[in-house]
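1. compute the structure for the input listed below.
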Amino acid sequence: MFRSDLGWFRPAALIVVALTCARWALLVLDRTDLYVDESQYWLWGQEFAFGYYSKPPLIGWLIGAVTTLAGSDTVFWVRMPGAALHGATALILAAWAARWMGRREAVLTAAVYASLPMAALGSLLISTDTVMAPFYAAALYFFARLTEARAPRFALLAGAAIGAAFMAKYAAVYFLIGVALIQIAPAYRIGWRNGALMLAAFAAVISPNIWWNLSHKLTTFSHTVDNVGWLRSGAALHPAGMVEFLLSQAAVVGPVVLIAMLIGVRRVPAMAAFVLPPLLVVTVQALLGTAQANWAIAAYFAGTVLAVRVLTAHWNLLIASFGVNAVFCLGLPLLTIFTSLTFPSGRPLLDRQLGRVQMSQQIIALAHENGDLPVLAMPRDILADLFYTGADSGLTFYAPRPTGRAQNHYEQRYPLPQGLTGKLLLITNAPPACAGPALPLQAKGGAYAKWQLAAYVVEAACVAP
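-> Reported below is the predicted structural model:
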């Protein structure tokens, strides 16, 4: 039975808007630097393209649009869309829950999703998962409408929505796998015509990125294969890595929601089509190679709705879930504000997000002091923040010239030019024999504390090979 009562929307929207505004207020106080990927996404946003080295283009377009409209490239504006995108995702999933279950479940779905650890972290750091989220949720909603009415317009909307999600992250393809698998259940069959319309809309939306990849030696797809790892180098069993990945999922959505989701899959087996494929695929990847905790995030959009379906019958568990997830919702932003907190060893708790701007400022100052020298930085991490922090420095930044396929965006777009002459400021921890005296770089208590980086004034011919 499907319901169309909109009485859920006001309380759900109040919860989501209040939490989103609170997250923005805390983001203003955030004292961390942009992470490597965030700086790279910002750089993509400075140049419109239908694709980029390692990811589809939507995140670059979004950051470019927001910072342009805001007239500012500060950390706040780069990360600001995150909280709004997760808020939108919460409401879209609530709309699906309202039609499937009812008003109470819709409000709880919005509250549960908005309080997930992955939503809390995604509101602090801008990522492709976050940009994918509302479009993936919208695809699930339109697919649910399609199964109700079998109306072609919902097939087109579902296809367009998942196409937009794919333009944020290729993991959106799990939705199409789910649609194919769920056709086993008669109640969810959409027919060949609607299936074709969905695929046509999907193909139309993603076609610019496909064209870009074909004209750029399949760059983004090749990088995706690199992430799988064992496809190129061969597989080896890593049972400890698999166990670590599975345990990490409790931190992605909270242990209570994770368990409730798995119970929900058992009670509504058809929904396993949208939950289990990402988890199973990434578990195998973790066993054969390496996997990040967020790689199965596509499981948790439908998974959240299933979890709420279970938790509404167990209020004590629901309250426990909010309590556990509140630790993440409050603790994570507080860590970004009180960055002086350290491990017992003295290492900052958020060392990966600290010291990047300070390092870039040192390098920029050295380049200016030595006659505005071009900078050749060997590590990708250094390059990422140099382009961001040094955007208005008037300096030129180069990546190493690739000897084969470019290993990152900077080698692809900003390699050391052939035939360059004159002096360079080289940033490396492994200087060539022809390098002169080192100019020390201070990197205490941050991302580069153990890197032993130094700067060298060298002739371009010294590093050209």
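
2. okay, buried residues for the strand or helix carrying Ala201 please.
-> Assessed by DSSP states H and E, Ala201 sits inside helix 191-215. For helix 191-215, the neighbour count (16 or more other CB atoms under 10 Å) marks 194-195, 197-199, 201-202, 205-206, 209-210, 212-213 as buried. In short, each C-beta sits where N, CA and C put it, glycine included.

3. repeat for stretch 447-465
-> Quick answer for stretch 447-465 (16+ other CB under 10 Å): 447-449, 451, 453-460, 462-463.

4. just to revisit the earlier point, need the max-distance pair from the buried residues of helix 191-215.
-> By the measure CB to CB, Asn194 and Trp212 form the most distant pair in those, at 28.8 Å.

5. where does the protein dip in pLDDT?
-> 1-5, 226, 228-235, 465 (pLDDT under 70).

6. let's see that with 90 instead.
-> Applying pLDDT under 90 to the chain flags the ranges 1-7, 216-238, 289-290, 340-348, 403-406, 419, 433-436, 440, 443-446, 463-465.

7. show me how it divides into domains.
-> Per automatic domain parsing, the domain ranges recorded for the chain read 9-221+302-337, 352-463.

8. of all the buried residues of helix 191-215, which comes closest to Val107?
-> Met198 (29.7 Å).

9. relative to Ala160, how far out is the closest one?
-> 9 Å (CB to CB, to the nearest Å).

10. also Phe343?
-> 47 Å.

11. surely Gly436 touches Val458?
-> Yes: taking CB atoms under 8 Å as the definition, Gly436 is a contact partner of Val458 at 6.6 Å.

12. re earlier: neighbour count for Phe343 and Ala160, which is higher?
-> With neighbours defined as other CB atoms under 10 Å, Phe343 and Ala160 compare such that Ala160 has more, 20 against 9.

13. kindly calculate the angle that the host helix or strand of that one makes with helix 191-215.
-> Ala160 belongs to helix 152-166 when assigned by DSSP H and E. Angle of helix 152-166 versus helix 191-215, following axes from the mean of the first three to the mean of the last three CA atoms, to 10 degrees, is 30 degrees.

14. now do the buried residues in helix 152-166.
-> 152, 154-166.

15. now Leu197: closest residue in space that isn't a chain neighbour?
-> Once flanking residues are discounted, Leu197 sits nearest to Ala155: 4.1 Å by CB to CB, 6 or more residues apart in numbering.

16. one step back: highest mean neighbour count out of the domains of the chain?
-> Highest mean neighbour count among the domains of the chain (mean count of other CB atoms under 10 Å): domain 9-221+302-337, with a mean of 20.

17. can you give me the strands in this protein?
-> With DSSP state E as the criterion, the chain has strands at 375-377, 397-398, 423-428, 439-440, 454-459.

18. can I get those in JSON lines including distance to Arg103?
-> Putting these into JSON lines (distance: least, CB to CB, whole Å) gives the following:
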{"stretch": "strand 375-377", "distance to Arg103": "55"}
{"stretch": "strand 397-398", "distance to Arg103": "54"}
{"stretch": "strand 423-428", "distance to Arg103": "58"}
{"stretch": "strand 439-440", "distance to Arg103": "64"}
{"stretch": "strand 454-459", "distance to Arg103": "62"}
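
19. out of the ones you listed, nearest to Gly51?
-> strand 397-398 (22.0 Å).

20. quick one: distance of the closest one to the chain centre.
-> Relative to the mean C-alpha coordinate of its chain, strand 397-398 is positioned 26 Å out (CA atoms, centre = their mean, to the nearest Å).

21. please apply the same query to stretch 325-338.
-> Put simply, stretch 325-338 sits 19 Å off its chain's centre (CA atoms, centre = their mean).

22. with just CA atoms, put it into CSV.
-> Provided in CSV are the C-alpha atoms of stretch 325-338 (Å, rounded to 0.1, in the frame of the first residue of the first chain):
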residue,chain,number,x,y,z
ASN,A,325,25.3,8.7,16.2
ALA,A,326,25.0,11.9,18.2
VAL,A,327,28.6,11.2,19.4
PHE,A,328,29.7,11.4,15.8
CYS,A,329,27.5,14.4,14.9
LEU,A,330,28.9,16.5,17.8
GLY,A,331,32.3,15.0,18.1
LEU,A,332,33.5,15.3,14.5
PRO,A,333,32.9,19.0,14.1
LEU,A,334,34.3,19.7,17.6
LEU,A,335,37.5,18.0,16.5
THR,A,336,37.8,20.4,13.6
ILE,A,337,37.5,23.3,15.9
PHE,A,338,39.8,22.2,18.7
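
23. what residues does it touch?
-> 19, 23, 26-27, 29-32, 115-117, 120-121, 124, 254, 257, 341, 349-350, 353 (CB atoms under 8 Å, 6 or more residues apart in numbering).

24. mind doing that once more with 10 Å?
-> Contacts with stretch 325-338, where a contact means CB atoms under 10 Å, 6 or more residues apart in numbering, come from 19, 22-23, 25-32, 79, 111-112, 114-121, 123-125, 251, 253-257, 322, 341, 348-350, 353.

25. check stretch 458-465 too.
-> 373-374, 376, 378, 398, 400-401, 403, 416-426, 428, 431-436, 456.

26. surely the residue nearest to Leu197 touches Ile162?
-> No: applying CB atoms under 10 Å as the test, Ala155 and Ile162 come out as separate, 11.1 Å apart.

27. shared neighbours, the two?
-> 142-143, 198-199, 201.

28. out of the residues you listed, flag the one nearest to Gly289.
-> Using CB to CB, these come closest to Gly289 at Leu199, 30.1 Å.
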